[in-house]
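Peer 1: Any chance you could fold what I've pasted below:
(chains A, B and C)
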Amino acid sequence: MPELPEVEVVRLGLAPAVDGATITAVTVLDERSLRRHAGPSEDFIDRLSGRRMRAPLRRGKFLWIPLDASEHPEAIVVHLGMSGQVLLREPGTDDPRTRIRLEIEHPDHGALRVNFVDQRIFGSMAIDELVRTRDADQLIPSQVSHIARDPLDPLFDDTRFLARLRAKNTTIKRALLDQTLVSGIGNIYADESLWAARVHYEQPTATLSTTKGRQLLAEVRAVLARALDEGGTSFDTQYLNVNGQSGYFAHSLRAYGQQGKPCPRCGRPIVREQFMNRGSHFCPYCQRVRV
DNA sequence: AAGTAATCCTGATCGC
DNA sequence: TGCGATCAGGATTACT
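Peer 2: Residues are numbered from 1 along each chain as shown, chains lettered A, B, ... in the order given. Prediction:
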């Protein structure tokens, strides 16, 4: 599932193609992919046609492409959801399950096609206004404004995060998945980080020591950075980068999807439990709730 | 108010 | 062989 590393891979791949490129045509093949767009698809199409794009930016799992020459600053906001892909293609190239298509013209690279492909349609594209954040002079889409900075953001405040964590009456995995506390982490990297830090997913945040909290944060960063290094994680063809190449680092997974297999640390079997309507993978020996 | 459950989706896979 | 049930989960919404 696309999490921070996968979205960042998409952003990096998209950047040279869209920065400075003009949108020449827009096709909406499935209106459900405009779920997060305020107006009808005609509005989406009209407002994008002829517009020039700038280099994409990201916060957590949200990606946006700023648009030139608008009365108020605005951007195309992209969320990949569970199965979204942004595929950069030669003009005329079709992909199965393409929901939205952009034809673009780049001054250096010529005509290209951007296919937004999404099997499960949990992802979306939208035009959204850019608003100024309180703590910095950055412009971000209004629908992203409640999302916290991600752990790889230089302005991410560790101390503040740990304080908010401790103040919450919840368990650690819920907190890691709460994008208003820390963004970019999904089910895969939550399980991987918790395994690395030897923390049980149901450890109450209030009883997590500051030392353990900092250690967990360090493991989160290590896991995300490693995945990013390896081009993002992808098990099957659900996730592909902008060129359609599968980028999965599934072979490096220590806990996620490893139920029944020996824990790489202690050799005892990894267990999978249902939690928050999804799977939680962990080593019951290495990861225990500590009071 | 804050925490949690329900909801949206489709295709691969499973069991009978 | 066929077909219905199950599973996958990010973010928003609708509750408690």
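Peer 1: Let's see the helix or strand encompassing A:R221 as CSV, backbone CA atoms only.
Peer 2: In this structure, A:R221 sits in helix A:210-229 according to DSSP states H and E. C-alpha atoms of helix A:210-229 as CSV (Å, rounded to 0.1, in the frame of the first residue of the first chain):
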residue,chain,number,x,y,z
THR,A,210,10.4,8.9,26.4
THR,A,211,13.4,6.8,25.7
LYS,A,212,11.3,4.1,24.0
GLY,A,213,9.4,6.8,22.1
ARG,A,214,12.6,8.3,20.8
GLN,A,215,13.9,4.8,19.9
LEU,A,216,10.6,4.1,18.0
LEU,A,217,10.9,7.4,16.1
ALA,A,218,14.4,6.5,15.1
GLU,A,219,13.3,3.1,13.9
VAL,A,220,10.4,4.7,12.0
ARG,A,221,12.9,6.9,10.2
ALA,A,222,15.3,4.0,9.5
VAL,A,223,12.5,1.9,8.0
LEU,A,224,11.1,4.7,5.9
ALA,A,225,14.6,5.7,4.7
ARG,A,226,15.5,2.2,3.8
ALA,A,227,12.3,1.7,1.8
LEU,A,228,12.9,5.0,0.0
ASP,A,229,16.4,3.8,-0.8
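Peer 1: list the buried ones in it?
Peer 2: Buried residues in helix A:210-229, counted by 16 or more other Cβ atoms under 10 Å: A:K212, A:G213, A:Q215, A:L216, A:L217, A:E219, A:V220, A:V223, A:L224, A:A227, A:L228. From N, CA and C alone the C-beta is placed, and that goes for glycine too.
Peer 1: Could you do stretch A:143-162 as well?
Peer 2: So, applying 16+ other Cβ under 10 Å, buried residues of stretch A:143-162: A:Q143, A:V144, A:I147, A:A148, A:R149, A:D150, A:P151, A:L152, A:F156, A:F161, A:L162.
Peer 1: which residues sit against it?
Peer 2: Here stretch A:143-162 makes contact (Cβ atoms under 8 Å, 6 or more residues apart in numbering) with A:4, A:36, A:59-60, A:62, A:64, A:77, A:126, A:128, A:131, A:133, A:135-136, A:179-185, A:210, A:213-214, A:217, A:220-221, A:224-225, A:228.
Peer 1: Endpoints of it, how far apart?
Peer 2: End-to-end span of stretch A:143-162 (Cα to Cα, to the nearest Å): 25 Å.
Peer 1: what about it and DNA strand B, any contact?
Peer 2: No - if you take Cβ under 7 Å from any atom of the strand as the test, stretch A:143-162 misses DNA strand B, and the best it gets is 12.7 Å.
Peer 1: how about the nearest residue to the most centrally placed residue in chain A, chain neighbours excluded?
Peer 2: Central residue of chain A (Cα atoms, centre = their mean): A:K61, 2.4 Å from the mean position. The shortest distance from A:K61 to any non-neighbouring residue, by Cβ to Cβ, 6 or more residues apart in numbering, is to A:V7 (5.1 Å).
Peer 1: got a list of contacts for stretch A:200-216?
Peer 2: By Cβ under 8 Å, 6+ apart, the residues outside stretch A:200-216 that reach it are A:158, A:162, A:165-173, A:175, A:190-191, A:193-194, A:197, A:199, A:275, A:280, A:282, A:287-291.
Peer 1: Just confirm yes or no for it near DNA strand B.
Peer 2: No - under the criterion of Cβ under 7 Å from any atom of the strand, DNA strand B is not reached by stretch A:200-216; the shortest gap measures 8.7 Å.
Peer 1: Distance from the chain centre to that stretch, please.
Peer 2: Stretch A:200-216 sits 24 Å away from the centroid of its parent chain (Cα atoms, centre = their mean, to the nearest Å).
Peer 1: Report how far apart the opening and closing residues of that stretch are.
Peer 2: The straight-line separation of the ends of stretch A:200-216 (Cα to Cα) is 11 Å.
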